[in-house]
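Q: what shape does this take:
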Amino acid sequence: MKLKSHKASAKRFTLTKSGLVKMNHSHHRHNLGIKTAKRKRHLRSGTYLSASFAPTVKALIAPAKK
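A: From the prediction side, this is the model:
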């Protein structure tokens with residue numbers, strides 16, 4: 001059976017060359033008038049997934065990267 005990547009995860013996470021999992025922040029799509037400018041500014045930048053969640057996400061998106 002062919003291994004397939006989890007498409008929802010593959011759209012949201014990317015792997016870097018060093019093996020880190022890169023992601024975007026959530027809560028930056030709607031109700032932006034309520035959020036402060038500082039909060040929206042920090043949500044714009046990407047970040048790296050924590051080390052505890054990284055193996056799970058790598059397993060979900062790994063078949064597409066091989």
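Q: the residue minimising distance to the centre of the chain pairs with what?
A: For the chain, residue 23 is the residue whose C-alpha lies nearest the centre (Cα atoms, centre = their mean; 2.7 Å). Using DSSP bridges, the beta-bridge partners of residue 23 come out as residue 13, residue 47.
Q: wait, doesn't it sit right on residue 50?
A: No: with contacts counted by Cβ atoms under 8 Å, residue 23 stays clear of residue 50, the gap being 10.1 Å. Heads up, the C-betas are built off the backbone N, CA and C, glycines and all.
Q: mind listing what's buried in the helix ranked longest in the chain?
A: Scanning the chain for the longest helix, with DSSP state H as the assignment, gives helix 54-65. By neighbour count with 16 or more other Cβ atoms under 10 Å, helix 54-65 contains the buried residues 54, 57-58, 60-61.
Q: export these as CSV, with columns for pLDDT and distance to residue 36.
A: Compiled in CSV, the buried residues of helix 54-65 are given as follows (pLDDT from 0 to 100; distance: Cβ to Cβ, whole Å):
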residue, pLDDT, distance to residue 36
54, 95, 30
57, 95, 29
58, 94, 34
60, 93, 33
61, 91, 33
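Q: nearest to residue 1 among those residues?
A: Nearest to residue 1 out of the buried residues of helix 54-65 is residue 60 (Cβ to Cβ; 16.6 Å).
Q: circling back: what residues are up against the residue nearest to the centre of the chain?
A: Residue 23 sits next to 12-14, 46-49 when contact means Cβ atoms under 8 Å, 6 or more residues apart in numbering.
Q: show me the shaky parts of the chain.
A: Applying pLDDT under 70 to the chain flags residues 64-66.
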